[in-house]
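1. Pasting the sequence and the predicted coordinates here, then a few questions.
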Amino acid sequence: MKNTIKNFLLISFLLSICSFAFSQESDLESELQKFKIELNYTRLSASSYYNLNDSNIYTYSVYDAVNDTTRIYTFDYYHSIVGLKILYDLNTKLELSLYAPISFYSLDEKFMTDEYGNREKKASYSMNRVDYIGLNTLYRLVDKPIYTNLMGEVRIPTGFHNGLYNDSNRNFLSDGAFEFLLGAQIGVKYRTVAWENTLIYNYRAEDFKDQTIINTAIILSTVANTEIRVFGNFTLSTSKFDNARPMEITETISQENNYAVGAAFYMMFSDNFDLGVNYQVTLGGKNTWKSSFFNIRAGIRL
């Protein structure tokens, strides 16, 4: 009888441990599902820019004292980004995320074709860095046919030099500056169509001028789990350009207006995997690159 009781207690104890372990595993699995990892790749290129007079500049000239002539050269600017974002759904309303973009910058200057068909390289510049560490929050205030989201982001630069143009150790770009973004998003849904508008204020430290960023998009979703966006994206300086520093192709731009349009496609393959592609081109601006960029991102929910 004692052995029977002993065996019963032992089996009960083992079942309790197993039950606790399975419940803990279920809780852990449920907690992991709140996490999402996004990987993205962006490729931006430009061969001209808009100056302070809104003119499109695509060549420079330099005097060649040896040959007593003026030589004209072009420039090609490239910026590639590999980004990692980790998102966490604190609840159905609040989303937190951490983002780190790894950037690869380059600039090539080449003289125009000579009489032999050759293009001599004038200069090349490059820089690789983690631009910043971004801490983001998104709060879904209203989620109805008319929806509203609030958003904020802190960008902490990985460089520690104070100033964009006074670093004697750099001849190409800068190490960035602290930024704080705060904004709201309002959208209206009607069946398979939505109109979404985002307004963000971007406070920027050091020599940067603050910005207002406006994005307006028409969204079509005629097929389940897919979305097509046609949008305009406008970056506007909050300061006048009276004393703006004119753009130099080897320097970080401290103040600009940029007017761009683009299109994006998004598809959710399952509850745990989604994919998006995005293309954008600059149509006009002031003191800014006339650029185009392509972006692709993939999201995986754990």
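-> Cool, the structure landed.
2. tell me the contacts of Val193?
-> Residues near Val193 by C-beta atoms under 8 Å, 6 or more residues apart in numbering: Ile218, Ile219, Leu220, Ser221. All C-beta spots, glycine's among them, are computed from the backbone N, C-alpha and C.
3. count of neighbours near the second one?
-> It stands for Ile219. Residues lying near Ile219 (other C-beta atoms under 10 Å) number 18.
4. got a list of what it touches?
-> Ile219 is in contact with Gly187, Val193, Ala194, Trp195, Glu196, Glu227, Ile228, Arg229, counting by C-beta under 8 Å, 6+ apart.
5. looking at the chain, which helix or strand does the model trust least?
-> Every helix and strand of the chain was ranked by mean pLDDT, DSSP states H and E. The lowest is helix 2-32, at a mean of 50.
6. Next SSE downstream of that helix?
-> Following helix 2-32 in sequence order, the next helix or strand is strand 35-50 (DSSP states H and E).
7. For that following strand, the averaged confidence score.
-> For strand 35-50, the mean per-residue pLDDT is 97.
8. give me the beta-bridge partners of the closest residue to Asp54 other than its chain neighbours?
-> Computed as C-beta to C-beta, 6 or more residues apart in numbering, the closest residue to Asp54 that is not its neighbour in sequence is Lys286, at 5.6 Å. Applying DSSP bridges to Lys286 gives these bridge partners: Asn257.
9. can you pull the contacts of the closest residue to Thr238 other than its chain neighbours?
-> Among residues not flanking Thr238 along the chain, Asp210 sits closest, at 4.5 Å (C-beta to C-beta, 6+ apart). Shown in contact with Asp210 (C-beta under 8 Å, 6+ apart): Tyr201, Asn202, Tyr203, Arg204, Ser237, Thr238, Ser239.
10. Any chance of a PyMOL selection covering the buried ones in the residues you listed?
-> Buried subset of the contacts of Asp210, written as a PyMOL selection, criterion 16 or more other C-beta atoms under 10 Å:
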select buried, resi 202+204+237
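11. Please produce a markdown table containing the contacts of Asp210, extended by distance to Gly159.
-> Shown next, in a markdown table, are the contacts of Asp210 (distance: C-beta to C-beta, whole Å):
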| residue | distance to Gly159 |
| --- | --- |
| Tyr201 | 24 |
| Asn202 | 18 |
| Tyr203 | 18 |
| Arg204 | 14 |
| Ser237 | 23 |
| Thr238 | 24 |
| Ser239 | 23 |
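12. before we move on, the earlier item: so the residue nearest to Asp54 sits against Leu52, correct?
-> Yes. Counting by C-beta atoms under 8 Å, Lys286 sits close enough to Leu52 to count as a contact (6.2 Å).
13. the more surrounded of those two?
-> Using other C-beta under 10 Å as the criterion, Lys286 and Leu52 rank with Lys286 on top: 21 against 15.
14. any idea how far that one lies from Gly262?
-> To Gly262, Lys286 is 19 Å away according to C-beta to C-beta, to the nearest Å.
15. picking up where we left off before, of the contacts of Val193, which is the nearest to Tyr58?
-> Ile218 (31.9 Å; C-beta to C-beta).
16. excluding its backbone neighbours, what's nearest that closest one?
-> Val230 (5.1 Å).
17. What count of nearby residues applies to the one you found?
-> 13.
18. can you list the weak-confidence ranges in the chain?
-> Along the chain, segments meeting pLDDT under 70 span 1-32.
19. most residues in a single strand of it, which one?
-> Counting by DSSP state E, the longest strand found in the chain is strand 69-89.
20. Next secondary structure element downstream of that strand?
-> strand 94-111.
21. buried ones in that next one?
-> Glu95, Ser97, Tyr99, Pro101, Ser103, Tyr105, Ser106, Leu107, Asp108, Glu109, Lys110, Phe111.
22. Show me how far it is from its chain's centre.
-> For strand 94-111, the separation from the chain centroid amounts to 8 Å (computed by C-alpha atoms, centre = their mean, to the nearest Å).
23. Identify the residue spatially nearest to Leu138, adjacent ones excluded.
-> Nearest residue to Leu138 in three dimensions, chain neighbours excluded: Glu95, at 4.4 Å (C-beta to C-beta, 6+ apart).
24. Same question for Tyr132.
-> In this structure, Tyr132 finds its nearest non-sequential neighbour in Arg155, 4.3 Å apart by C-beta to C-beta, 6+ apart.
25. Check Asn272 too.
-> Leaving aside its chain neighbours, Asn272 sits nearest to Arg301 (4.5 Å; criterion: C-beta to C-beta, 6+ apart).
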